[in-house]
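> Dropping the sequence and predicted coords here.
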Amino acid sequence: MACLMLISGCKENKKRTLLPNVSGKAGEVLVVIEREQWEGNLGVAIRDVLAADTPYLAQREPLFALSNVPPGSFNNMFKMHRNLMLVNIDPQNVTNGVTYKSNAWAQPQAVVQINAATQEEALSLFQEASAIIPEFFEQSERDRIIANSKLYEERALQAPVEKVTGGILHFPTGYRCRKYTDDFVWIADEKQYTNQTVLVYKYPASGADVFTLEKIIAARNTIMQANVPGMFDGSYMTTSTAQEPVTRSLNYKGRSFMETRGFWEVHGDFMGGPFVSHSFYSKDGKDIIVLEAFVFAPRYDKRQYLRQVESILYSFEWKEE
(Lines give C-alpha, C1' and ligand atoms only; values in the text may rest on other atoms or scores of the structure.)
Protein backbone atom coordinates (compact mmCIF):
# COMPACT_ATOMS: atom_id res chain seq x y z
CA MET A 1 0.00 0.00 0.00
CA ALA A 2 2.81 2.41 0.89
CA CYS A 3 4.45 1.78 -2.49
CA LEU A 4 1.17 2.38 -4.31
CA MET A 5 0.66 5.65 -2.45
CA LEU A 6 4.18 6.73 -3.28
CA ILE A 7 3.74 5.93 -6.97
CA SER A 8 0.42 7.74 -7.04
CA GLY A 9 1.94 10.75 -5.34
CA CYS A 10 4.82 10.83 -7.83
CA LYS A 11 2.42 10.71 -10.76
CA GLU A 12 0.32 13.50 -9.27
CA ASN A 13 3.38 15.66 -8.60
CA LYS A 14 4.60 15.05 -12.15
CA LYS A 15 1.22 16.06 -13.54
CA ARG A 16 1.22 19.19 -11.40
CA THR A 17 4.67 20.24 -12.62
CA LEU A 18 3.59 19.80 -16.24
CA LEU A 19 0.64 22.17 -15.89
CA PRO A 20 1.12 25.62 -17.44
CA ASN A 21 0.97 28.77 -15.36
CA VAL A 22 -2.39 30.47 -14.99
CA SER A 23 -3.40 33.49 -17.03
CA GLY A 24 -5.56 36.48 -16.17
CA LYS A 25 -5.12 39.40 -13.82
CA ALA A 26 -5.22 39.19 -10.05
CA GLY A 27 -8.76 39.48 -8.74
CA GLU A 28 -10.44 38.29 -11.95
CA VAL A 29 -13.02 35.48 -12.14
CA LEU A 30 -14.09 33.99 -15.47
CA VAL A 31 -17.67 32.66 -15.36
CA VAL A 32 -18.44 29.96 -17.94
CA ILE A 33 -22.18 30.15 -18.46
CA GLU A 34 -24.75 30.31 -21.24
CA ARG A 35 -25.68 33.84 -22.28
CA GLU A 36 -29.36 33.54 -21.34
CA GLN A 37 -28.40 32.22 -17.89
CA TRP A 38 -25.89 35.04 -17.41
CA GLU A 39 -28.53 37.62 -18.26
CA GLY A 40 -31.18 35.95 -16.09
CA ASN A 41 -31.69 35.55 -12.35
CA LEU A 42 -28.69 33.24 -11.98
CA GLY A 43 -26.31 35.75 -13.55
CA VAL A 44 -27.74 38.55 -11.42
CA ALA A 45 -27.16 36.48 -8.27
CA ILE A 46 -23.58 35.68 -9.28
CA ARG A 47 -22.80 39.34 -9.92
CA ASP A 48 -24.48 40.41 -6.67
CA VAL A 49 -22.12 38.13 -4.71
CA LEU A 50 -18.83 38.06 -6.61
CA ALA A 51 -18.95 41.67 -7.85
CA ALA A 52 -20.32 43.13 -4.62
CA ASP A 53 -18.56 46.14 -3.15
CA THR A 54 -15.39 45.19 -1.30
CA PRO A 55 -16.06 45.98 2.36
CA TYR A 56 -14.26 48.81 4.12
CA LEU A 57 -12.75 50.61 1.16
CA ALA A 58 -13.15 54.35 0.76
CA GLN A 59 -14.23 54.02 -2.88
CA ARG A 60 -16.59 51.47 -4.39
CA GLU A 61 -14.56 48.59 -5.82
CA PRO A 62 -15.94 45.15 -6.73
CA LEU A 63 -14.75 42.14 -4.79
CA PHE A 64 -13.79 40.49 -8.09
CA ALA A 65 -13.68 41.64 -11.69
CA LEU A 66 -16.02 39.32 -13.61
CA SER A 67 -16.06 38.29 -17.24
CA ASN A 68 -18.07 35.56 -18.89
CA VAL A 69 -17.84 33.17 -21.81
CA PRO A 70 -20.39 30.60 -23.05
CA PRO A 71 -19.46 26.91 -22.68
CA GLY A 72 -19.19 26.52 -26.47
CA SER A 73 -16.35 29.06 -26.53
CA PHE A 74 -14.56 27.67 -23.48
CA ASN A 75 -11.38 26.66 -25.30
CA ASN A 76 -7.83 25.96 -24.11
CA MET A 77 -7.02 29.65 -23.85
CA PHE A 78 -9.82 30.25 -21.35
CA LYS A 79 -9.02 27.06 -19.45
CA MET A 80 -5.76 28.65 -18.32
CA HIS A 81 -7.56 31.35 -16.32
CA ARG A 82 -6.59 31.71 -12.64
CA ASN A 83 -10.17 31.69 -11.27
CA LEU A 84 -12.94 29.77 -13.04
CA MET A 85 -16.58 29.34 -12.21
CA LEU A 86 -18.25 26.70 -14.41
CA VAL A 87 -22.04 26.54 -14.57
CA ASN A 88 -23.22 23.24 -16.02
CA ILE A 89 -27.00 23.04 -16.36
CA ASP A 90 -28.24 19.83 -17.98
CA PRO A 91 -31.41 17.79 -17.28
CA GLN A 92 -29.25 14.66 -17.60
CA ASN A 93 -26.87 15.66 -14.81
CA VAL A 94 -26.69 12.77 -12.37
CA THR A 95 -24.72 14.35 -9.54
CA ASN A 96 -25.82 17.90 -8.79
CA GLY A 97 -24.06 20.25 -6.40
CA VAL A 98 -21.12 22.62 -6.02
CA THR A 99 -17.55 21.32 -6.26
CA TYR A 100 -14.25 23.08 -5.57
CA LYS A 101 -11.07 22.12 -7.40
CA SER A 102 -7.48 23.28 -7.69
CA ASN A 103 -5.18 23.14 -10.71
CA ALA A 104 -7.61 21.55 -13.16
CA TRP A 105 -5.93 22.91 -16.33
CA ALA A 106 -3.24 25.24 -15.00
CA GLN A 107 -1.51 26.17 -11.75
CA PRO A 108 -2.15 27.72 -9.30
CA GLN A 109 -5.79 27.62 -10.37
CA ALA A 110 -9.10 27.77 -8.48
CA VAL A 111 -12.20 26.20 -10.04
CA VAL A 112 -15.78 26.22 -8.78
CA GLN A 113 -18.29 24.10 -10.68
CA ILE A 114 -22.07 24.10 -10.28
CA ASN A 115 -23.87 21.06 -11.68
CA ALA A 116 -27.65 21.31 -11.83
CA ALA A 117 -30.59 19.98 -13.81
CA THR A 118 -32.37 23.35 -14.10
CA GLN A 119 -31.62 27.04 -13.77
CA GLU A 120 -33.75 27.19 -10.64
CA GLU A 121 -31.71 24.42 -9.04
CA ALA A 122 -28.45 26.11 -10.07
CA LEU A 123 -29.63 29.35 -8.49
CA SER A 124 -30.53 27.56 -5.27
CA LEU A 125 -27.15 25.80 -5.16
CA PHE A 126 -25.32 29.07 -5.71
CA GLN A 127 -27.29 30.87 -3.03
CA GLU A 128 -26.56 28.09 -0.53
CA ALA A 129 -22.83 28.43 -1.26
CA SER A 130 -22.81 32.22 -1.59
CA ALA A 131 -20.60 32.67 1.48
CA ILE A 132 -18.16 29.87 0.59
CA ILE A 133 -17.54 30.60 -3.10
CA PRO A 134 -16.10 34.15 -2.76
CA GLU A 135 -13.96 33.04 0.19
CA PHE A 136 -12.62 30.13 -1.89
CA PHE A 137 -11.52 32.53 -4.63
CA GLU A 138 -10.26 35.06 -2.07
CA GLN A 139 -8.09 32.50 -0.32
CA SER A 140 -6.80 31.27 -3.68
CA GLU A 141 -5.69 34.83 -4.42
CA ARG A 142 -4.01 35.04 -1.02
CA ASP A 143 -2.26 31.71 -1.51
CA ARG A 144 -0.76 32.90 -4.79
CA ILE A 145 0.55 36.04 -3.10
CA ILE A 146 1.98 34.02 -0.20
CA ALA A 147 3.72 31.61 -2.60
CA ASN A 148 5.26 34.56 -4.42
CA SER A 149 6.33 36.12 -1.12
CA LYS A 150 8.13 32.93 -0.14
CA LEU A 151 9.80 32.75 -3.55
CA TYR A 152 11.13 36.31 -3.32
CA GLU A 153 11.37 36.75 0.42
CA GLU A 154 13.06 39.30 2.64
CA ARG A 155 14.14 36.63 5.13
CA ALA A 156 15.80 39.12 7.47
CA LEU A 157 12.32 40.36 8.45
CA GLN A 158 11.47 37.04 10.07
CA ALA A 159 13.69 37.75 13.08
CA PRO A 160 11.95 40.83 14.57
CA VAL A 161 8.51 39.26 14.08
CA GLU A 162 9.65 36.06 15.76
CA LYS A 163 11.05 37.94 18.78
CA VAL A 164 7.72 39.68 19.37
CA THR A 165 5.33 36.83 18.54
CA GLY A 166 7.17 33.51 18.56
CA GLY A 167 6.17 33.06 14.91
CA ILE A 168 7.15 34.37 11.50
CA LEU A 169 5.60 36.19 8.55
CA HIS A 170 6.75 35.96 4.93
CA PHE A 171 7.47 39.37 3.38
CA PRO A 172 8.27 39.77 -0.33
CA THR A 173 11.13 41.86 -1.65
CA GLY A 174 10.59 45.58 -1.10
CA TYR A 175 9.51 45.53 2.55
CA ARG A 176 11.77 47.13 5.16
CA CYS A 177 11.70 47.31 8.95
CA ARG A 178 10.99 50.85 10.09
CA LYS A 179 10.68 50.30 13.84
CA TYR A 180 11.32 47.44 16.23
CA THR A 181 10.85 47.19 20.01
CA ASP A 182 10.21 44.32 22.41
CA ASP A 183 6.47 44.44 21.73
CA PHE A 184 6.09 46.31 18.42
CA VAL A 185 7.32 45.91 14.84
CA TRP A 186 6.64 48.23 11.90
CA ILE A 187 7.42 46.79 8.46
CA ALA A 188 6.48 48.60 5.25
CA ASP A 189 6.82 48.73 1.49
CA GLU A 190 6.84 52.47 0.84
CA LYS A 191 6.81 53.81 -2.69
CA GLN A 192 6.24 57.31 -4.03
CA TYR A 193 2.44 57.11 -4.09
CA THR A 194 1.63 53.91 -2.16
CA ASN A 195 2.32 52.56 1.28
CA GLN A 196 1.61 48.95 2.28
CA THR A 197 2.36 48.34 5.94
CA VAL A 198 2.27 45.47 8.43
CA LEU A 199 2.28 46.23 12.14
CA VAL A 200 2.98 43.44 14.62
CA TYR A 201 2.38 44.07 18.29
CA LYS A 202 1.36 42.45 21.56
CA TYR A 203 -0.18 43.48 24.84
CA PRO A 204 -1.12 41.63 28.06
CA ALA A 205 -4.21 39.43 27.90
CA SER A 206 -5.97 40.74 30.99
CA GLY A 207 -9.55 40.11 32.04
CA ALA A 208 -12.36 38.37 30.22
CA ASP A 209 -13.76 38.98 26.75
CA VAL A 210 -10.40 40.14 25.40
CA PHE A 211 -11.60 39.92 21.81
CA THR A 212 -14.54 42.32 21.98
CA LEU A 213 -14.47 45.13 19.43
CA GLU A 214 -14.21 47.73 22.18
CA LYS A 215 -11.11 46.15 23.75
CA ILE A 216 -9.41 45.49 20.42
CA ILE A 217 -9.88 49.09 19.26
CA ALA A 218 -8.95 50.57 22.65
CA ALA A 219 -5.66 48.62 22.64
CA ARG A 220 -5.07 49.54 18.99
CA ASN A 221 -5.53 53.25 19.61
CA THR A 222 -3.19 53.24 22.61
CA ILE A 223 -0.46 51.39 20.72
CA MET A 224 -0.84 53.47 17.54
CA GLN A 225 -0.58 56.73 19.47
CA ALA A 226 2.62 55.55 21.13
CA ASN A 227 4.29 54.03 18.07
CA VAL A 228 2.95 55.46 14.79
CA PRO A 229 3.40 59.26 14.63
CA GLY A 230 2.10 61.42 11.82
CA MET A 231 4.01 63.96 9.79
CA PHE A 232 3.27 66.86 12.15
CA ASP A 233 4.02 67.37 15.83
CA GLY A 234 1.30 65.87 17.98
CA SER A 235 -0.22 63.84 15.11
CA TYR A 236 -0.57 60.06 15.32
CA MET A 237 -2.50 57.16 13.86
CA THR A 238 -5.83 56.21 15.38
CA THR A 239 -9.04 54.43 14.39
CA SER A 240 -11.59 56.39 12.39
CA THR A 241 -15.00 56.78 14.00
CA ALA A 242 -16.71 57.72 10.73
CA GLN A 243 -17.63 54.06 10.25
CA GLU A 244 -17.50 51.59 13.10
CA PRO A 245 -15.08 48.69 12.59
CA VAL A 246 -16.41 45.14 12.48
CA THR A 247 -15.06 41.86 13.81
CA ARG A 248 -15.56 38.21 12.97
CA SER A 249 -14.05 35.01 14.33
CA LEU A 250 -12.04 32.97 11.82
CA ASN A 251 -9.98 29.80 11.72
CA TYR A 252 -7.20 29.30 9.19
CA LYS A 253 -4.97 26.23 9.12
CA GLY A 254 -5.78 25.42 12.72
CA ARG A 255 -5.15 28.94 14.00
CA SER A 256 -8.14 30.78 15.48
CA PHE A 257 -8.17 34.56 15.46
CA MET A 258 -10.46 37.57 15.52
CA GLU A 259 -10.44 39.59 12.32
CA THR A 260 -11.10 43.33 12.59
CA ARG A 261 -11.78 45.59 9.61
CA GLY A 262 -12.07 49.34 9.68
CA PHE A 263 -10.53 52.63 8.66
CA TRP A 264 -7.47 54.30 10.13
CA GLU A 265 -6.83 58.02 10.18
CA VAL A 266 -4.16 60.36 11.47
CA HIS A 267 -5.15 62.61 14.35
CA GLY A 268 -4.01 66.11 13.41
CA ASP A 269 -3.73 65.37 9.68
CA PHE A 270 -5.91 64.34 6.74
CA MET A 271 -4.43 60.93 5.99
CA GLY A 272 -6.46 57.72 6.16
CA GLY A 273 -7.27 54.37 4.62
CA PRO A 274 -8.43 50.80 5.26
CA PHE A 275 -6.92 48.34 7.73
CA VAL A 276 -7.46 44.71 8.70
CA SER A 277 -6.04 42.91 11.72
CA HIS A 278 -5.83 39.42 13.20
CA SER A 279 -5.86 39.17 17.01
CA PHE A 280 -5.06 35.93 18.83
CA TYR A 281 -3.45 34.54 21.97
CA SER A 282 0.28 34.03 22.27
CA LYS A 283 1.37 30.44 22.70
CA ASP A 284 1.55 30.78 26.49
CA GLY A 285 -1.79 32.63 26.62
CA LYS A 286 -0.31 35.59 28.48
CA ASP A 287 -0.46 38.09 25.62
CA ILE A 288 -2.70 39.13 22.75
CA ILE A 289 -0.79 39.19 19.47
CA VAL A 290 -2.02 41.44 16.70
CA LEU A 291 -1.00 41.29 13.05
CA GLU A 292 -2.29 44.35 11.23
CA ALA A 293 -2.16 45.39 7.58
CA PHE A 294 -3.02 48.82 6.25
CA VAL A 295 -2.78 50.71 2.98
CA PHE A 296 -2.27 54.32 2.02
CA ALA A 297 -2.77 54.87 -1.72
CA PRO A 298 -4.74 58.09 -2.25
CA ARG A 299 -4.23 58.09 -6.04
CA TYR A 300 -5.29 54.52 -6.73
CA ASP A 301 -7.95 51.88 -6.17
CA LYS A 302 -7.06 50.00 -3.01
CA ARG A 303 -8.61 46.55 -3.32
CA GLN A 304 -5.54 44.82 -4.72
CA TYR A 305 -3.09 46.75 -2.53
CA LEU A 306 -5.00 45.69 0.58
CA ARG A 307 -5.37 42.10 -0.67
CA GLN A 308 -1.62 41.89 -1.18
CA VAL A 309 -0.65 43.14 2.25
CA GLU A 310 -3.48 41.28 4.00
CA SER A 311 -2.17 38.05 2.49
CA ILE A 312 1.03 38.51 4.48
CA LEU A 313 -1.02 38.15 7.68
CA TYR A 314 -2.23 34.75 6.45
CA SER A 315 1.36 33.62 6.00
CA PHE A 316 1.90 33.62 9.77
CA GLU A 317 3.21 30.38 11.24
CA TRP A 318 4.50 29.49 14.65
CA LYS A 319 8.22 28.93 14.70
CA GLU A 320 9.05 25.31 15.37
CA GLU A 321 10.59 24.77 18.77
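Thanks, I have the structure now. Numbering: from 1, shown residues only.
> which intervals of the stretch 101-250 of the chain have sub-threshold pLDDT?
Within the stretch 101-250 of the chain, no range satisfies pLDDT under 70.
> for it, what spans make up the strands?
110-116, 167-168, 176-180, 184-190, 195-204, 236-239, 246-252 (DSSP state E, counting those that start in this stretch).
> right, so of those strands, which gets closest to residue 60?
Proximity to residue 60 (Cβ to Cβ) singles out strand 246-252 among those, at 17.7 Å. Just so you know, the C-beta spots here come from the backbone N, C-alpha and C atoms, and that holds for glycine as well.
> Any chance you could list what contacts stretch 199-207?
With Cβ atoms under 8 Å, 6 or more residues apart in numbering as the test, stretch 199-207 has contacts from 160-161, 164-165, 169, 183-187, 219, 223, 227-228, 281-282, 285-294.
> Go through it and flag the buried ones.
The neighbour-count check on stretch 199-207 (16 or more other Cβ atoms under 10 Å) flags 199-203 as buried.
> Would you mind measuring the gap between the ends of stretch 192-209?
End-to-end distance of stretch 192-209 (Cα to Cα, to the nearest Å): 41 Å.
> now it, how far from the chain's geometric center?
Distance of stretch 192-209 from the chain centroid (Cα atoms, centre = their mean, to the nearest Å) equals 17 Å.
> which strand in the protein runs the most residues?
Using DSSP state E to define each element, the chain has its longest strand at strand 255-267.
> residues in contact with the nearest residue to residue 147 once chain neighbours are set aside?
Closest residue in space to residue 147, ignoring its immediate chain neighbours: residue 108 at 6.8 Å, by Cβ to Cβ, 6 or more residues apart in numbering. Contacts of residue 108 were listed using Cβ under 8 Å, 6+ apart, and they are 22, 82, 102, 140, 143-144, 147.
> Any of the residues you listed buried? List them.
22, 82, 140, 143-144.
> Those in helices, which ones?
Residues of the buried ones among the contacts of residue 108 located in helices (DSSP state H): 140, 143-144.
> one step back: export the contacts of residue 108 to TSV and tack on distance to residue 57?
Listed next are these as TSV, based on distance: Cβ to Cβ, whole Å:
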residue	distance to residue 57
22	25
82	22
102	28
140	20
143	22
144	21
147	25
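> ok, back up a step: would you show me how to pick out the buried ones of the contacts of stretch 199-207 in PyMOL?
To isolate the buried subset of the contacts of stretch 199-207 in PyMOL, counting by 16+ other Cβ under 10 Å, use the following:
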select buried, resi 160+161+164+165+169+183+184+185+186+187+219+223+227+228+282+287+288+289+290+291+292+293+294
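> List the ones among the contacts of stretch 199-207 that fall in helices.
Under the assignment DSSP H, those contribute 160-161, 164-165, 219, 223, 227 to helices.
> Among the residues you listed, which pair sits farthest apart?
160 and 219 (20.1 Å).
> rewinding a little: report the angle between the longest strand of the chain and strand 246-252.
140 degrees (axes from the mean of the first three to the mean of the last three Cα atoms, to 10 degrees).
> what sits up against strand 255-267?
So strand 255-267 is contacted by 55-56, 58, 211, 213, 216-217, 220, 224-225, 230-231, 235-240, 242-251, 271-280, 294, 316 (Cβ under 8 Å, 6+ apart).
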